[in-house]
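**Student:** Fold the following and give me the result.
(4 chains)
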Number of protein chains: 2
Amino acid sequence: MTAAVRHDDLRRRNRALVIAAIRRAGQPSRTDIARTTGLSHSTISAISADLIAEGVLAQAKGAEASSLKRGRPQIAIGINPEAAAILTVVLSLNSLSAALIDYSGNLVAEDHRRLSTLTVSRANLMAETTAAVRRLLNHRGLAGRPVLRIVMAVQGTTDSLSRSLLWSPITVHGDIPFADALEEVAGIPVTVENDCSMIAMALRWRNPERYRDDFIAILLSHGIGMGLMLKGSLFSGTHSSGAEFGHMIHQPEGALCRCGRRGCVEAYAGNYAIWRNAREGDENAPPAADISDTDMASLATEARRQDGMERRAFEKAGRALGYGLGNLFALVDPAPVCFVGHGASAFDLIEPALRAAIARTAGGQHSDSITFDTETNEMPLIREGCAVRALTFVDQEIFAPGSPAQQRLAGRDVA
Amino acid sequence: MTAAVRHDDLRRRNRALVIAAIRRAGQPSRTDIARTTGLSHSTISAISADLIAEGVLAQAKGAEASSLKRGRPQIAIGINPEAAAILTVVLSLNSLSAALIDYSGNLVAEDHRRLSTLTVSRANLMAETTAAVRRLLNHRGLAGRPVLRIVMAVQGTTDSLSRSLLWSPITVHGDIPFADALEEVAGIPVTVENDCSMIAMALRWRNPERYRDDFIAILLSHGIGMGLMLKGSLFSGTHSSGAEFGHMIHQPEGALCRCGRRGCVEAYAGNYAIWRNAREGDENAPPAADISDTDMASLATEARRQDGMERRAFEKAGRALGYGLGNLFALVDPAPVCFVGHGASAFDLIEPALRAAIARTAGGQHSDSITFDTETNEMPLIREGCAVRALTFVDQEIFAPGSPAQQRLAGRDVA
DNA sequence: TTCTTTTTTTCGAGGCTCGAAAAAAAGAGC
DNA sequence: GCTCTTTTTTTCGAGCCTCGAAAAAAAGAA
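**Tutor:** A predicted model of the protein is given here:
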């Protein structure tokens, strides 16, 4: 049973619409907003007046020469960067980095530390994380802005409520309640998201032409991750963050995977798998803990130079990825794919086998028309995705008349 | 950009809510509706008065002794079966059956014909289908009810707009525009759906306790089909009906599938595959065209009686289904599964291998807790699913004040 | 016949969006 | 320098919608 539609939901939704339109457009006029949202001029006028009074939006002061046209000049209206701030936290292999971002999406401060995630104790991992958040919460660049939301991204699976890291390849510990811990420190809502999902959010934000409602982000690094956007929203499992593309079974009883099972896509296409196939030739050898980007790069150079084990290893990776994508496409139909991470720099070595494999699957019927894109640096994407997600949360909170965030803003305005 | 929320959307949505609540409850009182929908008594009163005036709902005449309680007696309110009718059409291997169903969901008339779908010409297939629809449209049991919607179910993939059958194992023809053709005949909206999706709809309708927001229906017959309900709505591809579970690759370069590719789940678990493994032992043998249910039943009997090729064949089917489900669960998280169709009667032979395989996949971590259910007769489910879907469409049309359907009803009321 | 109890309807208040009209704020033309 | 045009923004009243409170309706209980 869908929930009943109350009357004030209407206003909330339309406020959401207006803020979203402004975020995307940058500095639109009221007329622009009316056009993109489909709401009437009167409604836009009322809503934007409210939001300006609440300090959420701000009118551009400098009448920057938008003119040259006749008629009353448009008044550019934009997100007020002073209205709030959000925090992003990205935990990845041997690295913890946090960022403070203002309400208009600009970076205010950064905090990066190296951290041996594979060996650190559970307590220390948590302590380091909370410490990073504390440092940014006390940052003087905040200048009184209320920090309203934290979004944390991690490699691995999280629970469906985005509160805990259930399992991750970068730490031996499981079921880590990051959200609860950070909420206690910061006193504001926190969610924990899968890193690849955040990559997908960022891709859409950066390039909505190409990545709109349906697309796939695949992270090629030590392991294989996926962020899946379907029908305009992030796809996730019902109990966990799901979308464990890297652990779909490519070859039953096949190569040994880092996860302990056999034949996963990752056991052929992860860095450790490519390395293992190129250097040891034994699919049952235990996976190496970590392989540097430079090592992988030299493997790729070797593979490009001459035919041999190295080239064969990349081909096997391509084949596994191709069959995996084909199986995915059988379920969701083909969509644009972006390969992200350092592994994507060897995509030329992977692509032929990938395309050959995909052509043998149900989803690959029109495999020529499937386009691939690469993006070798995942870190900026992850942070950007976290920021987009956090800001969207804040936007939605601010809609609610009488919400804590809104009251705080209104109070500030009066004082 | 989400669409703008207009003011009258509110009414439409709440009317939808009320009709849905009544459909589910049967003969609730206004107070019941207020409770289940969360709307206020006044709103329910207003909406139900409108709907009764329009002839969509009807108050129960006979003050059937709901009493024994003090206070003003409740007035039971129900769907008016006279308000409209819908048509379902189910096309399956060698069979075409249509049904006329009134607005409250009761069967009015049926029309069933045998039809050699594998050999029939494109023109005749279409002619038979339109003829069946015509016969029911002229049925005297209609008694003046307007027929407002047709939903057709077919084995195979349809386009994402549910207008054409793109590909089907039951016919050699492709890209058959059933919706356009039937709309021309009947003059009312038509959609073409995948049969397994309709099975899923029916399962939820029948047993919302077990099959609520996330579950999987798998059809075991000559081929393998799937209907997937995720987060409360039917999952479908972005271009086609998608969810081609049977053609996910279980074993790269493996057994020959009916679709021409190699290693699909169906090439191990479809009737023809089980038959082939049991009787020929050659995975590359061309698939048989059709195998009767009694032949399959005797295969199962033999497999239960003694160890041998037959038992091995069912085990292979279980293994393929298990790996397939495991791969699916890696993406969407485990959910209740219902195996539908005659093949489900041999589930005891399949289950052990299926569970063993699923336990080796990422999605099968808690494989013990995954529950399976069987339902050996798929035809009633398919028809019921079509009916539910068609009625839901009609409900939504009737919400729209000023819609054609509503005007027709209002007009009748006045005359 | 008069209380209770429960359901349903009525009524006014408060919101929201919309279209039309008015107001505002420029450039264009003379 | 003044008036006309043009475009954007705001204002205002109409029309819906939902809600809570109160009233009305319709029974059984005393």
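**Student:** residues of the lengthiest helix in chain A that come out buried?
**Tutor:** Of all segments of type helix in chain A, defined using DSSP state H, the longest is helix A:309-332. Along helix A:309-332, these residues count as buried under the neighbour rule (16 or more other C-beta atoms under 10 Å in any protein chain shown): A:310-332. Any C-beta I mention is one placed from the backbone N, CA and C, and that applies to glycine too.
**Student:** quick one: average pLDDT of that helix?
**Tutor:** Helix A:309-332 shows a mean pLDDT of 95.
**Student:** Could you confirm whether whatever helix or strand comes next after it reaches chain B?
**Tutor:** The first helix or strand that comes after helix A:309-332 along the chain, using DSSP states H and E, is strand A:337-340. No. No part of strand A:337-340 sits close enough to chain B to count as contact by C-beta under 8 Å from any C-beta of the partner chain; the gap is at least 13.5 Å.
**Student:** where does A:Pro208 sit relative to A:Arg24, distance-wise?
**Tutor:** To A:Arg24, A:Pro208 is 8 Å away according to C-beta to C-beta, to the nearest Å.
**Student:** got the contact list for the residue nearest the centre of chain A?
**Tutor:** Closest residue to the average C-alpha location of chain A: A:Met198 at 0.8 Å, with C-alpha atoms, centre = their mean. Taking C-beta atoms under 8 Å, 6 or more residues apart in numbering or on different chains as the contact definition, A:Met198 lies against A:151, A:153, A:227, A:381-386, A:389.
**Student:** Tell me which helix or strand it sits in.
**Tutor:** Using DSSP H and E, A:Met198 maps to helix A:195-206.
**Student:** any idea how far that helix is from the chain center?
**Tutor:** Between the centre of helix A:195-206 and the centre of its chain there are 4 Å (C-alpha atoms, centre = their mean, to the nearest Å).
**Student:** just stretch A:317-331 next, same as before
**Tutor:** Centroid displacement of stretch A:317-331 relative to its chain, using C-alpha atoms, centre = their mean, is 22 Å.
**Student:** And for stretch A:310-320?
**Tutor:** The chain centroid and the centroid of stretch A:310-320 are separated by 27 Å under C-alpha atoms, centre = their mean.
**Student:** just stretch A:81-90 next, same as before
**Tutor:** Taking mean C-alpha positions (C-alpha atoms, centre = their mean), stretch A:81-90 and its chain are 16 Å apart.
**Student:** How about that stretch, which residues are buried there?
**Tutor:** Along stretch A:81-90, these residues count as buried under the neighbour rule (16+ other C-beta under 10 Å): A:81, A:83-90.
**Student:** So which of those are in strands?
**Tutor:** Counting by DSSP state E, the part of these found in strands is A:85-90.
**Student:** Return the member of the residues you listed nearest to DNA strand D.
**Tutor:** For those, the minimum distance to DNA strand D (C-beta to the nearest atom of the strand) is 27.1 Å, reached by A:Ala85.
**Student:** Just give the nearest non-adjacent residue to the closest one, would you?
**Tutor:** Leaving out its chain neighbours, the residue that sits closest to A:Ala85 by C-beta to C-beta, 6 or more residues apart in numbering or on different chains is A:Arg145, at 4.4 Å.
**Student:** how would you label that neighbour: helix, strand or coil?
**Tutor:** For A:Arg145, the reduced secondary structure class is coil; criterion used: DSSP: H, G, I helix; E, B strand; the rest coil.
**Student:** Pass me the low-pLDDT residue ranges in the stretch 201-350 of chain A, would you?
**Tutor:** Per-residue confidence for the stretch 201-350 of chain A (pLDDT under 70) gives these ranges: A:238-242.
**Student:** What about the closest residue to DNA strand C within it, how many residues nearby?
**Tutor:** As assessed by C-beta to the nearest atom of the strand, DNA strand C sits closest to A:Gly232 within the stretch 201-350 of chain A, at 21.9 Å. Other residues within reach of A:Gly232 by the criterion other C-beta atoms under 10 Å in any protein chain shown amount to 11.
**Student:** Please tell me how far the residue lying farthest from the centre of chain A sits from chain B.
**Tutor:** Among residues of chain A, the one most distant from the C-alpha centroid is A:Arg70; the distance is 43.3 Å, by C-alpha atoms, centre = their mean. Using C-beta to the nearest C-beta, to the nearest Å, we find A:Arg70 at a distance of 29 Å from chain B.
**Student:** quick check, that residue in a strand?
**Tutor:** No. Counting by three-state DSSP, A:Arg70 is located in no strand; its state is coil.
**Student:** ok, it - contacts?
**Tutor:** Contact partners of A:Arg70, counting by C-beta under 8 Å, 6+ apart, are absent.
**Student:** Do you know the pLDDT at the residue nearest to the residue nearest to the centre of chain A when sequence neighbours are not counted?
**Tutor:** Taking C-beta to C-beta, 6+ apart as the measure, A:Met198 lies nearest to A:Gly385, with 3.0 Å between them; neighbours along the chain are not counted. The predicted local distance difference test score for A:Gly385 is 98.
**Student:** Now do the SS call for A:Gly385.
**Tutor:** Classification of A:Gly385 by three-state DSSP places it in helix.
**Student:** Run a quick neighbour tally on it.
**Tutor:** The burial count assigned to A:Gly385 is 32, neighbours taken as other C-beta under 10 Å.
**Student:** Now the spatially closest residue to A:Arg258 that is not a sequence neighbour. Its backbone dihedrals?
**Tutor:** If the residues on either side of it in the chain are set aside, A:Arg258 comes closest to A:Pro287, at 4.6 Å by C-beta to C-beta, 6+ apart. Here the main-chain torsion angles of A:Pro287 (degrees, to the nearest 10) amount to phi -60, psi 140.
**Student:** how many neighbours does A:Pro287 have?
**Tutor:** Count around A:Pro287 with other C-beta under 10 Å applied: 22.
**Student:** Look up how far A:Gly322 lies from it.
**Tutor:** In this view, A:Pro287 and A:Gly322 are 22 Å apart by C-beta to C-beta.
**Student:** go on, A:Phe329?
**Tutor:** Relative to A:Gly322, and taking C-beta to C-beta, A:Phe329 is found at 10 Å.
**Student:** Confirm A:Ile216 sits in a strand?
**Tutor:** Yes. Residue state for A:Ile216 (three-state DSSP) corresponds to a strand.
**Student:** Do a quick rundown of the helices in chain A.
**Tutor:** So, for chain A - with DSSP H - the helices run A:8-25, A:30-37, A:41-53, A:122-137, A:178-186, A:195-206, A:266-269, A:271-279, A:293-305, A:309-332, A:347-358, A:379-399, A:404-414.
**Student:** Just send the ones you listed back as CSV, with distance to DNA strand D too.
**Tutor:** What follows is the helices of chain A, written out as CSV (distance: least, C-beta to the nearest atom of the strand, whole Å):
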stretch, distance to DNA strand D
helix A:8-25, 9
helix A:30-37, 3
helix A:41-53, 3
helix A:122-137, 36
helix A:178-186, 31
helix A:195-206, 26
helix A:266-269, 50
helix A:271-279, 53
helix A:293-305, 50
helix A:309-332, 36
helix A:347-358, 45
helix A:379-399, 18
helix A:404-414, 17
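**Student:** Who are the contact partners of the closest residue to A:Val56 other than its chain neighbours?
**Tutor:** Spatially, and ignoring its direct neighbours in sequence, A:Val56 is nearest to A:Ala83 (5.2 Å; C-beta to C-beta, 6+ apart). A:Ala83 makes contact with A:55-57, A:103, A:145, A:398, A:409, according to C-beta under 8 Å, 6+ apart.
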